[in-house]
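>>> Need coordinates for the below:
(chains A and B)
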Amino acid sequence: MSSDPWVWIAAFLTLMVFSFLYRDNPFYKFAEHLFVGIANGYYIVFYWHQALKPNLLEPLKAGEFLYLIPFLLGIMYFTRFIPKIGWLVRLPMGFMIGWGAGISIPANIQAFIFKQIEGTVVTPETLNSGWEGIWSIIILVGVISTLMYFFFSTEQRGVLKCSSRLGIIFIMLGFGASFGYTVMARVSLLIGRIQFLLGPWLGLIK
Amino acid sequence: MNLFQKLAKIDRRLIYLTLTVLVILPFFVKFRIPQNIMPQTRKLFDFIESLGSRETKAVLISIDYTPQTMPECHPMAISLLTHCFKKKIPVVGLSFDPQAPGLAIEAFNRVVNQINALARTNADSVIYGRDYVYLGWKSGRIAALMEMGEKISNVFPKDYYNNYTDSLPLMRRIKNYRDISIAIILAAADYPQEWLMYAQARYGLKLGAGLTAVMAPKYYPFLQTGQLSGMISGMKGAAEYENLLLNYGYTREIGRAETGMNSQTLIHLLIISLIIIGNIGYIATKKND
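Here you go, the predicted structure:
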């Protein structure tokens, strides 16, 4: 068994959270509230020391007054709490939206649209490469039929109905894969906690 | 109440109990369920394997997972660092998630201490500044990702330990993305997406990812297009990478993820059985109604 008090605290908090599986109880509530408080405290201290101090206070102290511009823009977010000058919040928001859109739109198109369309192109080389060729045809059919499913400009009849039905099958397969992976992820977290309880705390496993 | 109605009303606490027993059992009853290695894990392993033992370019590892997702991502970090250090490939570490630096330091220290404990000469050892660097955490990651393409030390003027980045021997030759052979993002949130948008689309940086299983399905399309040069997905992926290290002789011990995979398989069998039983119960009770 561990002699480290922090391991004991971690183990008891884990058991307190797990006690919710039986029913809601004060031990679970205590652990939950403690977590929220500690997480908030951690973030406040972390951002102060890692973001505000090195990126704003230290440069200002060193006489780099250009940093006053982002400082003022940041402060303007808080004007929301003063109704008379609340409109000032639009300035930093406008800046952020403008900058964000300008930066992300071309990058999005390049990384997610062009490249993904490229990935659906079936070439003679891919067709002649055995299984890869078959998979690339399945991907092409999947993409087209899924897009057809989301084509709502006209009533889904005939070919459109058939392809959108096929699209639903692909969507459901996607959901199934996501669900399977989610189950695996959650089980992994449980295994991690059990490994901690049996290992570092109880010393029953390596 | 017939059998099917009873099945549809199994007490959920009984299910939790069975689940817990099945997780614990494989740690005491020794057996090994064989695991296949997925192509995406093999691809990432092969990429690192293909790098020369005196590689001038570094592998960049962005450690961006949180304590909640440690069971999935921490073994990935340990395996990747072991692989790189045993092959004498320099590593540059950094983080964009505020919860990650503590975990990153733990992973680096654990692997470095393990290797240095067996090292006989200075050349065999893994030394901070010469063989690896951890730059720490940075806010404003989009701007940081773009600026690192120009000069890494502009974004991280000091490392995690407050050394000037340019004063570290490794960082004197690792200036920007051109000096990085691959960036591997170990994440529990959508960080790889931003690497794809701002580091790869703009600077052509090669990318790999180590993701939680929840995130993995979203990133499969990027493997197919070649935007990701490999991917480790969830605890299963981490176990596969550990197995590859074992098979290639980089380690002698079974890793932490691998020991959890027996439990994982048993739980999956339980869940599949419960889904089948639940559906049979549902259909049967509906028919009776």
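>>> For chain A, identify the residue most remote from the centre.
When distances to the mean C-alpha position of chain A are computed (CA atoms, centre = their mean), the maximum falls on A:Gly158, with 39.3 Å.
>>> Secondary structure element for A:Ser178, which one?
Assigned by DSSP states H and E, A:Ser178 belongs to helix A:158-196.
>>> Show the average pLDDT along that helix.
Model confidence over helix A:158-196 averages 92 on the pLDDT scale.
>>> and what of stretch B:52-62?
Across stretch B:52-62, pLDDT averages out at 85.
>>> Also stretch B:169-189?
Averaging the model's pLDDT scores along stretch B:169-189 yields 96.
>>> Restrict it to CA atoms and write it as CSV.
Backbone C-alpha positions of stretch B:169-189 (Å, rounded to 0.1, in the frame of the first residue of the first chain) are rendered in CSV as follows:
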residue,chain,number,x,y,z
PRO,B,169,22.4,23.5,-28.5
LEU,B,170,19.5,21.6,-30.1
MET,B,171,17.5,24.8,-30.7
ARG,B,172,20.5,26.4,-32.5
ARG,B,173,19.8,24.1,-35.4
ILE,B,174,16.0,23.7,-35.1
LYS,B,175,14.8,27.1,-36.2
ASN,B,176,11.4,26.4,-37.8
TYR,B,177,9.2,23.8,-39.4
ARG,B,178,11.9,23.1,-42.1
ASP,B,179,14.0,21.5,-39.3
ILE,B,180,11.2,19.3,-38.1
SER,B,181,10.7,15.8,-39.8
ILE,B,182,7.3,15.3,-38.3
ALA,B,183,5.0,16.9,-35.7
ILE,B,184,3.0,14.5,-33.7
ILE,B,185,0.1,15.9,-31.8
LEU,B,186,-1.1,13.9,-28.7
ALA,B,187,-4.4,15.5,-28.0
ALA,B,188,-7.7,15.0,-26.2
ALA,B,189,-9.3,18.0,-28.1
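>>> Buried residues of it, list them for me.
Applying a neighbour-count criterion of 16 or more other CB atoms under 10 Å in any protein chain shown, the buried positions in stretch B:169-189 are B:170-171, B:174, B:176-177, B:179-188. Every residue, glycine included, has its C-beta placed from N, CA and C.
>>> Figure out how far that stretch is from the centre of its chain.
Shown here is stretch B:169-189, whose average C-alpha point lies 16 Å from the average C-alpha point of the whole chain (CA atoms, centre = their mean, to the nearest Å).
>>> hmm, that stretch touching chain A?
No - no part of stretch B:169-189 sits close enough to chain A to count as contact by CB under 8 Å from any CB of the partner chain; the gap is at least 9.5 Å.
>>> which residues in the stretch 51-200 of chain B form strands?
For the stretch 51-200 of chain B, the strands defined by DSSP state E, counting those that start in this stretch cover B:58-64, B:91-95, B:132-137, B:180-187.
>>> is chain A contacted by stretch B:245-262?
Yes - with CB under 8 Å from any CB as the measure, stretch B:245-262 is seen reaching chain A through B:256, B:259-260.
>>> Ignoring the adjacent residues along the chain, who's closest to the residue in the stretch 1-150 of chain B positioned nearest to chain A?
Shortest the stretch 1-150 of chain B-to-chain A distance, computed as CB to the nearest CB: residue-wise this is B:Pro71, at 2.5 Å. Closest residue to B:Pro71 apart from its sequence neighbours, by CB to CB, 6 or more residues apart in numbering or on different chains: A:Gly192 at 2.5 Å.
>>> How many neighbouring residues does B:Leu51 have?
When counting by other CB atoms under 10 Å in any protein chain shown, one arrives at 18 neighbours for B:Leu51.
>>> and the helix holding A:Ser178, what does it pack onto?
Under the contact definition 3 or more CB pairs under 8 Å, 6 or more residues apart in numbering or on different chains; DSSP states H and E, helix A:158-196 sits against helix A:5-18, helix A:131-149, helix B:12-28, helix B:70-86, helix B:216-224, helix B:234-247, helix B:256-288.
>>> Now do the very next helix or strand once past the third one: distance to the chain's middle.
Tracing the chain past helix B:12-28, the next element assigned as helix or strand by DSSP H and E is helix B:39-50. Distance of helix B:39-50 from the chain centroid (CA atoms, centre = their mean) equals 13 Å.
>>> which residues are contacting helix B:39-50?
B:59, B:80, B:83-84, B:87, B:89, B:182, B:184, B:206, B:208, B:223, B:228-233, B:237, B:240-241, B:244, B:248 (CB atoms under 8 Å, 6 or more residues apart in numbering or on different chains).
>>> before we move on, back to that, how close does the residue of the stretch 1-150 of chain B closest to chain A get to B:Asn109?
The spacing between B:Pro71 and B:Asn109, counted by CB to CB, to the nearest Å, is 19 Å.
>>> sorry, back to before: filter the contacts of helix B:39-50 to the buried ones?
When the contacts of helix B:39-50 are checked for burial by 16+ other CB under 10 Å, the buried set is B:59, B:80, B:83-84, B:87, B:89, B:182, B:184, B:206, B:208, B:223, B:228-233, B:237, B:240-241, B:244.
>>> Which one of the residues of stretch B:245-262 next to chain A is nearest to chain A?
Proximity of these to chain A, judged by CB to the nearest CB, is greatest for B:Gly260, which lies at 4.2 Å.
>>> The closest one: how many residues sit nearby?
By the criterion of other CB under 10 Å, B:Gly260 has 27 neighbours.
>>> Could you report the neighbour count for A:Tyr181?
For A:Tyr181, which is what you asked about, the neighbour count (other CB under 10 Å) is 21.
>>> Confirm for me that it is in contact with B:Val214.
Yes - taking CB atoms under 8 Å as the contact criterion, A:Tyr181 and B:Val214 are neighbours in contact, 6.2 Å apart.
>>> Nearest residue to the residue nearest in space to the middle of chain A in space, please, no chain neighbours.
With distances taken as CA atoms, centre = their mean, the residue of chain A nearest its centroid is A:Thr182 (13.6 Å). Taking CB to CB, 6+ apart as the measure, A:Thr182 lies nearest to B:Val214, with 5.2 Å between them; neighbours along the chain are not counted.
>>> Give me the neighbour count for that neighbour.
Burial of B:Val214 is recorded as 20 neighbouring residues (other CB under 10 Å).
>>> Let's verify it: helix, strand, or coil?
coil (DSSP: H, G, I helix; E, B strand; the rest coil).
>>> so what's it up against?
If a contact means CB under 8 Å, 6+ apart, then B:Val214 has A:178, A:181-182, A:185 as its contacts.
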